[in-house]
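Colleague: Curious how this folds, go ahead:
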Amino acid sequence: EYSNKFTERGVESELIISNVKISSAGEYRCKADNLKGSIQTKSVYLEIISPPTVGLVDSVYYGVPGKELSIAVEVTYQNVIEKSMCSWTRNGVKLEEQSGNIEFGDDGTSLRIISVEPASAGNYRFTIETEAGSATTSTTLQIINAYISPSAAIPKYSEVMVALKGSVYYLPCEVSGKPTPKVSWKRTVRGQTVEYKDNGVDLPYSVEASGSLKILSVTDADKGQWTCVAQSSPDSVLRTAEASLELDVVEWLARPFVYSYHGHSTITVVSGDTLEVNIEVMYRYQIRAHNIIWSRLDFGNTNWTQAKELNTIDPGYDNVVSFERERRQLMVHGISKLFQGQYKASVATVSGKDETVIMVNVISRIPPNIKWLHTINNFYYTVNCNNARHGFVFDVEVTGEPFPKEITWYKRAGFGDFEGVRNGTDSKTSKYTIGYFGDLYIKNPDKSDAAFYKIQVIPENGGRDQLEESSIELIVKDYYLGFQTEPYAGGIQKIGLSVSMDCEVTGVPDPDSVTWYKGITRLAPTTPRLTIPTVAKTDKGDYYCVARNDFGTIYSPKVALQVQYLDTNFLPISCYKEAGNSMLDCSSGLTEGDVFVLVCNGPDGWPFPKTTWYFNENVITDNPGGLSGTVNQYGDLVFPFADPGQSGDYTCQVTNEKGTYSNHDSYHVSIANSDDTAIDKVKTAAWLVQPGDLTVAQHTPVTIACVVSSFPGPTYRWTFNGS
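Modeller: Numbers count the residues shown, from 1 in each chain. Predicted coordinates:
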């Protein structure tokens, strides 16, 4: 952010960085320009220092009453820090060594509880404060009756794993214990045991926080047995647990792919019917037999650990659930709402696992129903051919549970038989199109479409003896309404002349009337022609006409009537000068360096008049940056810096297509020198204050300032590393 402000020393420029980042470090320069030339400061170097980062060796600690316990913090410094201060709190209360049961390490980054007691439990927070800022971290100490020995286990589906050569691969290991065990992996290579530990570096083999072993790029040498080792020694006794798995390496690998036959994720079934859910499983590589597991979870529950596995021998499922096609087809017989919910099919192999979830809604059977959504008058509907040039819709809504399987429309002309309406697939090319909910669309209706229409609905699981139907008559008429001539105002009009606008309308039946409006005001004439015999300034505005018949109502486009004029009521020229955030009149006088404005106060006109200013009877040329002032968009004469050479008489003149008028009453401007001695028109810029090197903490604000004494006032530019 850049800002300039006036101070006793001159015009001061400030470069403000509200949130210092590492990328803010570098060399800054300030450059000032005026008509005399330019100067720049020496470079100022901004150095950014960052607070250290801290992390706990363990996120949760477990203590046994009467036992010793140590809590350690790892501190990483980003910069050279000369001074730092460490402190510890427990449950918000600062800890001191004087308590007798607490000892701190030499550098304050570790804490030792000599004998754990119930009061030792709680939240422990470590804080380090430096000149670059502070950092903090916390952990929790829980009191347990005894330590829990570590355990290690390989997930069932992972006992034999298959990895793709060249890929990143993770060997899983589930560990538990109190305190949390340290995890490492080992294997035998050429008769030697090789161990892999977590060293915080992304090496070819690294142990993740979860206990898994990350292999950065799988090779053939990674085949064989791997052992996960979990160890802890809270009471100086090393406890160990191990679990092993086999890893196979292949050139190409894909996990199984499970998909639903149904093409969508939701199945709706009627209560009492048989639910059938079909899936398929695709394999590209497999070395172990698979098993498909089906489970069900209620709607709204996302915790699949609470799902119920579907099994034909479980109580409550016997004679209800059955499987076909090697468990790729699930059937629930005589289903009820108790069995609706989320159904999941899971397949696990050594190459991975996949699953698919299908939502099952169980509904009660509701007979089909037909509802007309538009207004019906005695079971017929009237449509005007010209009012439906693009199409007409019999707007109906068909409902039922399950949704009807068949919706058919029939048409009967005269006293003949009903004939089926052919349903097109494209509303742009077909005469008739039936929508999903039963509405019938007729493209470009004409008198041949006048007939009786009938809609017939057959339920999903019913026959024609259970159908529902409803009829309506369509009456087609040839009404229309349109403009032959739309209003035109003839361009810009002059005061005192006559102007006419025409609005010729044709239609069947004949239009009732033509009404004229100016804006929202209704005008007296009801004839196709509107005449203004003598145009006045007040006649400018937007005009349009409205016509009506049985077809409807139409509105003409709006036409703007522009009236050319220029008033002659000049007011005296005004003068205002800047005073802080306000503008005051110049009656108190003007002094060198003031910002002031001359306002012409010319007459109103259209088009908007252009203002020309005169100084001592000479035309002022608009010259931004010069001493003569600048004319803004409103015709005001703006002086950003008052100079004694601007003293004199000012007049103004306004002009548009209507004519030209001048304000013959001049305004005299007198500008006093800012001191007793005359000054040059242009002073050379001189630095009063130059910035110096700064060292700033990250994420804090910083301001770099430079001040110049010059006339006219300078334009500032800042550079960062030369840009």
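
Colleague: quick one: buried residues of stretch 166-186?
Modeller: Neighbour-count burial for stretch 166-186, counted by 16 or more other Cβ atoms under 10 Å, picks out 169, 171-175, 177-186. In this view, the C-beta of every residue, glycine as well, is placed from N, C-alpha and C.

Colleague: go on, stretch 330-345?
Modeller: Quick answer for stretch 330-345 (16+ other Cβ under 10 Å): 330, 332, 335, 339-345.

Colleague: then that stretch to PDB, C-alphas only?
Modeller: Provided in PDB are the C-alpha atoms of stretch 330-345 (Å, rounded to 0.1, in the frame of the first residue of the first chain):
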ATOM      1  CA  LEU A 330     -29.000 -60.200  -3.600                       C
ATOM      2  CA  MET A 331     -32.800 -60.900  -3.200                       C
ATOM      3  CA  VAL A 332     -35.000 -59.700  -0.300                       C
ATOM      4  CA  HIS A 333     -38.400 -61.500  -0.500                       C
ATOM      5  CA  GLY A 334     -41.500 -59.800   0.700                       C
ATOM      6  CA  ILE A 335     -39.600 -56.700   1.500                       C
ATOM      7  CA  SER A 336     -41.000 -54.200   4.100                       C
ATOM      8  CA  LYS A 337     -39.900 -50.700   5.100                       C
ATOM      9  CA  LEU A 338     -37.800 -52.300   7.800                       C
ATOM     10  CA  PHE A 339     -35.400 -53.400   5.000                       C
ATOM     11  CA  GLN A 340     -35.000 -50.000   3.300                       C
ATOM     12  CA  GLY A 341     -31.700 -48.200   3.700                       C
ATOM     13  CA  GLN A 342     -28.100 -48.300   2.200                       C
ATOM     14  CA  TYR A 343     -26.900 -51.700   0.800                       C
ATOM     15  CA  LYS A 344     -23.200 -52.200   0.300                       C
ATOM     16  CA  ALA A 345     -21.400 -54.900  -1.600                       C
END
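
Colleague: now it: how far from the chain's centre is it?
Modeller: How far stretch 330-345 lies from its chain's middle: 39 Å, per Cα atoms, centre = their mean, to the nearest Å.

Colleague: Glu401: which of the buried residues of stretch 330-345 is nearest?
Modeller: Nearest to Glu401 among the buried residues of stretch 330-345 is Gln340, at 13.5 Å by Cβ to Cβ.

Colleague: before we move on, the earlier item: among the buried residues of stretch 330-345, name the ones in helices.
Modeller: Using DSSP state H, no member of the buried residues of stretch 330-345 falls within helices.

Colleague: got the contact list for Ile22?
Modeller: Residues near Ile22 by Cβ atoms under 8 Å, 6 or more residues apart in numbering: 48, 50, 698.

Colleague: what do you get if the cut-off is 10 Å, keeping everything else the same?
Modeller: Contacts here follow Cβ atoms under 10 Å, 6 or more residues apart in numbering; on that basis Ile22 touches 48-50, 78, 698.

Colleague: can you check Val362 too?
Modeller: By Cβ under 10 Å, 6+ apart, Val362 lies in contact with 267-273, 275, 332, 335-341.

Colleague: and which of those residues is nearest Pro445?
Modeller: Thr268 (36.3 Å).

Colleague: ok, back up a step: closest one of the buried residues of stretch 166-186 to Arg296?
Modeller: Glu174 (26.1 Å).

Colleague: Excluding sequence neighbours, find me the nearest residue to that closest one.
Modeller: Excluding its sequence neighbours, the residue lying closest to Glu174 (Cβ to Cβ, 6 or more residues apart in numbering) is Ala153, at 4.8 Å.

Colleague: re earlier: out of the buried residues of stretch 330-345, flag the one nearest to Val320.
Modeller: Val332 (6.2 Å).

Colleague: roughly how far apart are the residue nearest to Tyr555 when sequence neighbours are not counted and Pro557?
Modeller: Nearest residue to Tyr555, sequence neighbours excluded (Cβ to Cβ, 6+ apart): Val546, at 5.5 Å. Counting by Cβ to Cβ, to the nearest Å, the gap between Val546 and Pro557 amounts to 12 Å.

Colleague: Verify the stated contact: Asn663 with Leu598.
Modeller: No. At 11.1 Å, Asn663 and Leu598 do not qualify as touching, with contact defined as Cβ atoms under 10 Å.

Colleague: Isn't the residue nearest to Tyr555 up against Lys558?
Modeller: No. When contacts are counted by Cβ under 10 Å, Val546 is not listed as touching Lys558 (11.5 Å).

Colleague: Could you give the bridge partners of Phe257?
Modeller: Counting by DSSP bridges, Phe257 is bridged to Met282.

Colleague: could we number from 20 for the rest of this?
Modeller: Okay, using 20 as the starting number, the last item reads as Phe276.

Colleague: Identify each buried residue in stretch 611-620, please.
Modeller: 611, 613, 615-620.

Colleague: Helix or strand for Ile389, just tell me which one.
Modeller: Per DSSP states H and E, Ile389 falls inside strand 385-391.

Colleague: how far does that strand sit from the chain's center?
Modeller: Chain-centre distance of strand 385-391: 42 Å, with Cα atoms, centre = their mean.

Colleague: Return the list of strands paired to it, each annotated with direction.
Modeller: In the sheet, strand 385-391 lines up against strand 415-420 (antiparallel) (DSSP bridges).

Colleague: Please name every helix or strand in contact with the next helix or strand after the partner strand.
Modeller: Next helix or strand after strand 415-420 toward the C-terminus (DSSP H and E): strand 425-431. Contacts defined by 3 or more Cβ pairs under 10 Å, 6 or more residues apart in numbering; DSSP states H and E place strand 425-431 against strand 385-391, strand 415-420, strand 438-439, strand 451-453, strand 459-461, strand 470-477, strand 487-496.

Colleague: Give the buried residues for strand 425-431.
Modeller: Buried, per 16+ other Cβ under 10 Å, within strand 425-431: 426-430.

Colleague: just the CA coordinates of it, formatted as CSV?
Modeller: Output in CSV follows, covering the C-alpha atoms of strand 425-431 (Å, rounded to 0.1, in the frame of the first residue of the first chain):
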residue,chain,number,x,y,z
GLU,A,425,-47.1,-46.2,-19.6
ILE,A,426,-48.5,-42.7,-20.5
THR,A,427,-50.5,-42.5,-23.8
TRP,A,428,-52.3,-39.6,-25.5
TYR,A,429,-55.2,-40.0,-27.9
LYS,A,430,-56.8,-37.5,-30.3
ARG,A,431,-60.4,-37.5,-31.8
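
Colleague: That strand: how far from the chain's middle?
Modeller: 47 Å.

Colleague: quick check, distance from stretch 116-132 to the centre of its chain.
Modeller: Relative to its chain's centre, stretch 116-132 lies at 49 Å (Cα atoms, centre = their mean).

Colleague: Determine how far the last residue of it lies from the first.
Modeller: Using Cα to Cα, to the nearest Å, the end-to-end distance of stretch 116-132 comes to 10 Å.

Colleague: tell me the average confidence for that stretch?
Modeller: The average pLDDT within stretch 116-132 is 83.

Colleague: related to what we said a few turns ago, who touches the strand holding Ile389?
Modeller: By Cβ under 10 Å, 6+ apart, strand 385-391 touches 289, 398, 400, 413-426, 456-457, 474-479, 481, 485-489, 491.

Colleague: Got a PyMOL select line for the buried ones in these?
Modeller: In PyMOL, a selection of the buried entries from those looks like this (16+ other Cβ under 10 Å):
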select buried, resi 289+400+413+414+415+417+419+420+421+422+423+426+457+474+475+476+477+478+481+487+489+491
